[in-house]
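Peer 1: pasting a predicted model and its sequence here:
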Amino acid sequence: MAVTESVAEGAHGGARAVHEGILRRQSARESAARTYARALPIVPVRARGLTIEGADGRRYLDCLSGAGTLALGHNHPVVLEAIRRVLESGAPLSVLDLATPVKDAFITELFRNLPPGLADRARVQFCGPAGTDAVEAAFKLVRAATGRTGMLAFTGAYHGMTSGALAASGGAGDVRVARLPYPQDYRCPFGVGGPSGAELAARWTESLLDDPKSGVPLPAGMILEPVQGEGGVIPAPDDWLRRMRQITADRSVPLIADEIQTGVGRTGSFWGVGHSGVTPDVMVLSKAIGGSLPLAVVVYRDDLDVWQPGAHAGTFRGNQLAMAAGTATLAHVRENGLAERAATLGSRMLSHLRELQTEFPCVGDVRGRGLMIGVELVDPEGEGTGPGEPPGAGDHHVTMSGLEPTRTPRPADPELAAVVQRECLDRGLIVELGGRHDSVVRLLPPLTISDEQAAAVLDRLADAVAAAARHQQHRGRRQGRQDGPAQGTG
């Protein structure tokens, strides 16, 4: 027995050494721009569905899912079989933009699932393999089609990491795109939230476009996310989204829907715009449409197809393995009603998570749509204007025209959110942080997550929040001791 235990301990020690060695070499050799590796010091070696196994032998429930790329989870059998068939057929793996049976099947399945009103008159442009390249291509497309140059985007947006995509994202440091308010309840830019806040946001958009002295000429296009992901998991109100569609249509401004993260069933509809019934002029798609492999496309109305040959290209736009994996993923989601499943399960998970708000004052807000869920951590003792709050967002909200705020937001607490993420990892749960101040814990589980797995995710997250709340209380007591002598000697 002692010998067996000694062998097991030795094997575990060896696995741990491999794990630590790989992380050490990564830190020494990779760019300072690495991101997930800093907060998630794991070395995945095997994965299936929701589960990842690290080089150290630990198992994790993965609610990051490749930032939403893995709609069917890791190594789903239908995806592996689709890839295997292409490999065993002897077909070329990369063919630029030449036509192939694999590509034809992908386009057919993609068009089968497009929003009504777009599929019958759609064109598709294959881009470089990242979603940000699809955004760049969409900008080039609408500028060529309209002859205009400006773009409209929204506060809190995230559209990618290339220059043009960054210029339309919330963190842009050099303003080349006009910003519009994105409606939200908890941190409403107008301090009111709800339908009233969304109405004010819509009126602001109309005023900006119609005021000849607004400083914003009629733009080439408007880009928006049906649910802001990196912005903090903020779903667009359906009525507001329909209003944006009407505003842009009335002014001949192409509407671009960024469905890179919201697409393929993630929000409880096959596309995020499906909840509102909106048909955009352009859709940018990536992540899940490649079935876990790199693929990005722009789908748009045929009357916008004014490009000259070679106007947008990319060496790896003919990735056959990604197209095969994507076809299998799209078909599996459609045939098995996984979007509807995401809506039902996501609603149930949101209900359970909202119970944390009553138990822990540090949980400021729980929101989301389908299996795109966010839990915002706050400082419940904070007063006045905190990070991300409009002026007067403490105990005394500014009101306009008698409109009352739906809730009083507290200051965002990114330190606490980081503690929750660490506590989750200690409990074998991988989550992402997002939001304006990285204070939102994000859940993006695969659409194939089971009820039992969902319950395990909720239990581990609740336990992590409880541990983090104790940390926050300890931090408050420590801060109180530090502040005490200074106040006493004043």
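Peer 2: On my side now, so go ahead.
Peer 1: what mean pLDDT does stretch 242-250 have?
Peer 2: Mean pLDDT, computed over stretch 242-250, is 97.
Peer 1: likewise stretch 377-390?
Peer 2: Stretch 377-390 comes out at a mean pLDDT of 64.
Peer 1: can you check stretch 192-200 too?
Peer 2: On average, stretch 192-200 scores 93.
Peer 1: what stretches of the protein score poorly on pLDDT?
Peer 2: Scanning the chain for pLDDT under 70 picks out 1-12, 166, 171-175, 383-407, 475-490.
Peer 1: middle-most residue in it, spatially?
Peer 2: In the chain, the residue lying closest to the centroid (C-alpha atoms, centre = their mean) is residue 229, at 3.2 Å.
Peer 1: shouldn't it be in contact with residue 157?
Peer 2: No - contact status for residue 229 versus residue 157: not in contact, 9.7 Å apart, counting by C-beta atoms under 8 Å. The C-beta positions use only the backbone N, C-alpha and C, and glycine is treated the same way.
Peer 1: which residue is the nearest non-sequential neighbour of the residue nearest to the centre of the chain?
Peer 2: residue 261 (4.7 Å; C-beta to C-beta, 6 or more residues apart in numbering).
Peer 1: helix/strand/coil for that neighbour?
Peer 2: coil (DSSP: H, G, I helix; E, B strand; the rest coil).
Peer 1: could you do residue 283 as well?
Peer 2: Residue 283 is classified as strand under three-state DSSP.
Peer 1: dump the residue contacts of it.
Peer 2: The contact partners of residue 283, by C-beta atoms under 8 Å, 6 or more residues apart in numbering, come to 114-115, 118, 256-257, 259, 263, 271, 298-300.
Peer 1: closest one of the residues you listed to residue 136?
Peer 2: Using C-beta to C-beta, residue 298 is the member of these that lies nearest residue 136, at 9.4 Å.
Peer 1: so the closest one sits against residue 139, correct?
Peer 2: No - Residue 298 is beyond contact range of residue 139, at 9.9 Å (criterion: C-beta under 8 Å).
Peer 1: and for the two, which residues touch both?
Peer 2: If you check residue 298 and residue 139 against C-beta under 8 Å, 6+ apart, no residue is contacted by both.
Peer 1: what comes up buried for stretch 201-211?
Peer 2: By neighbour count on 16 or more other C-beta atoms under 10 Å, the buried set for stretch 201-211 is 201-202, 205, 208-209.
Peer 1: just the CA coordinates of it, formatted as PDB?
Peer 2: Extracted C-alpha coordinates of stretch 201-211, given in PDB (Å, rounded to 0.1, in the frame of the first residue of the first chain):
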ATOM      1  CA  ALA A 201     -30.500  56.400 -26.200                       C
ATOM      2  CA  ALA A 202     -32.600  56.000 -29.400                       C
ATOM      3  CA  ARG A 203     -33.500  59.700 -29.400                       C
ATOM      4  CA  TRP A 204     -29.800  60.600 -29.000                       C
ATOM      5  CA  THR A 205     -29.000  58.500 -32.100                       C
ATOM      6  CA  GLU A 206     -31.700  60.200 -34.100                       C
ATOM      7  CA  SER A 207     -30.600  63.700 -33.000                       C
ATOM      8  CA  LEU A 208     -27.000  63.000 -33.900                       C
ATOM      9  CA  LEU A 209     -27.900  61.800 -37.400                       C
ATOM     10  CA  ASP A 210     -30.400  64.500 -38.100                       C
ATOM     11  CA  ASP A 211     -28.800  67.600 -36.600                       C
END
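Peer 1: now for residue 360: which residues touch it?
Peer 2: 465-466, 469.
Peer 1: so which of those wins on neighbours?
Peer 2: In terms of neighbours by other C-beta atoms under 10 Å, these top out with residue 465 at 24 neighbours.
Peer 1: so what's it up against?
Peer 2: 356, 360, 362-363, 375, 420, 423.
Peer 1: pick the one among those closest to residue 335.
Peer 2: Distances from residue 335 to the contacts of residue 465, taken by C-beta to C-beta, are shortest for residue 375, at 32.0 Å.
Peer 1: quick check: residue 209 vs residue 283, distance?
Peer 2: Distance, residue 209 to residue 283, using C-beta to C-beta, to the nearest Å: 22 Å.
Peer 1: ditto for residue 236
Peer 2: For residue 236, the distance to residue 283 (C-beta to C-beta) stands at 15 Å.
Peer 1: what segments of the stretch 251-400 of the chain are strands?
Peer 2: 255-258, 282-285, 297-301, 363-369, 372-377 (DSSP state E, counting those that start in this stretch).
Peer 1: out of these, nearest to residue 222?
Peer 2: strand 255-258 (5.5 Å).
Peer 1: what's that closest one in contact with?
Peer 2: Here strand 255-258 makes contact (C-beta under 8 Å, 6+ apart) with 135, 138, 142, 157, 159, 221-226, 244-245, 248-249, 271-273, 278, 280-284.
Peer 1: show the buried residues in those residues.
Peer 2: Buried subset of those (neighbour count, 16+ other C-beta under 10 Å): 135, 138, 142, 157, 159, 221-226, 244-245, 248, 271-273, 278, 280-284.
Peer 1: in helices, which of the residues you listed appear?
Peer 2: When helices are assigned by DSSP state H, the members of the buried ones among the contacts of strand 255-258 inside them are 135, 138, 142, 244-245, 248.
Peer 1: about what we covered before: looking at the contacts of residue 465, which one is closest to residue 70?
Peer 2: Proximity of these to residue 70 was ranked by C-beta to C-beta; the top entry is residue 375 with 20.9 Å.
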